[in-house]
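S.K.: what follows is a predicted protein model with its sequence.
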Amino acid sequence: MAEQGSERPNVRITDARTMRALAHPARIEIVDHLTVTGAAMTATECAGLVGLSPSATSYHLRELAKYGLVEQAPSQGDGRERRWRSTGAGLTLDADAEHPESYAAERALVDLYLARDKERIREWMGRQPQETRQWREASHLMGLHLMVTAEELAELNEKVRTLMDPYRLRDRPETEGARQVVVQYAAFPITHDGT
């Protein structure tokens, strides 16, 4: 299914305008799906993912392309259908320290991602009784407190990324019994009072 390999680098977003352009639930879902799967899709196919009309989705795709988050993919067949794909293997948010407005835009964008992730967890908790015992036991919510230096945390983050890389959806062949799983990982320092 992957039409572009993971050898493409992540798209690094530093400016507030691009972050604000992405900060829409439908746009986040479109970019996320195209990035995670490596697929090239039409506006109509993307509309089915986000519950919008094809014309509204086409507008969002054009806006995402304007900011370098998606691009037109090579056409298939007779070329009448415009297909879109992600421009990178992932997104990296990196607010520009020289421009404080980019921090505000990054915060707003991260808030949308966190709200989506929280909803995914709630949805999982709600459907656990219908899941098999095997999947219930394999799933995990974890919160650990560690004592590390900044260098150790960077090393730990790289090890976690390396550990997960072989299982990335866009690069993994169909495997019997495998399902799409989301891993939400956050590692950051807290204040001395535990907040």
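M.R.: Done, it's in.

S.K.: tell me which element His60 is part of?
M.R.: helix 54-66 (DSSP states H and E).

S.K.: for that helix, buried residues please.
M.R.: Across helix 54-66, burial judged by 16 or more other CB atoms under 10 Å covers 57-58, 60-61, 64. Where C-beta positions appear, they are placed from N, C-alpha and C, glycine not excepted.

S.K.: just the closest of those residues to Leu163, please.
M.R.: Leu64 (30.3 Å; CB to CB).

S.K.: thinking again about what came up before, for the following helix or strand past the helix holding His60, enumerate the helices and strands it packs against.
M.R.: Helices and strands here follow DSSP H and E; after helix 54-66, the next one along the chain is strand 70-73. Strand 70-73 is packed against helix 25-37, helix 54-66, strand 83-86, with contacts defined by 3 or more CB pairs under 8 Å, 6 or more residues apart in numbering; DSSP states H and E.

S.K.: swap the cut-off to 7 Å and go again
M.R.: helix 54-66, strand 83-86 (3 or more CB pairs under 7 Å, 6 or more residues apart in numbering; DSSP states H and E).

S.K.: where are the low-confidence patches of the protein?
M.R.: Judged against pLDDT under 70, the low-scoring parts of the chain cover residues 1-7, 77-79, 193-195.

S.K.: any idea how far the residue nearest to the spatial centre of it is from Gln134?
M.R.: Note on the chain: the residue nearest the mean C-alpha position is Asp32, at 4.1 Å, using CA atoms, centre = their mean. Look at Asp32 and Gln134: by CB to CB, to the nearest Å, they are 27 Å apart.

S.K.: how about the helices and strands packed on strand 70-73 in JSON lines, adding distance to Arg8?
M.R.: Converted to JSON lines, the helices and strands packed on strand 70-73 look like this (distance: least, CB to CB, whole Å):
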{"stretch": "helix 54-66", "distance to Arg8": "16"}
{"stretch": "strand 83-86", "distance to Arg8": "8"}
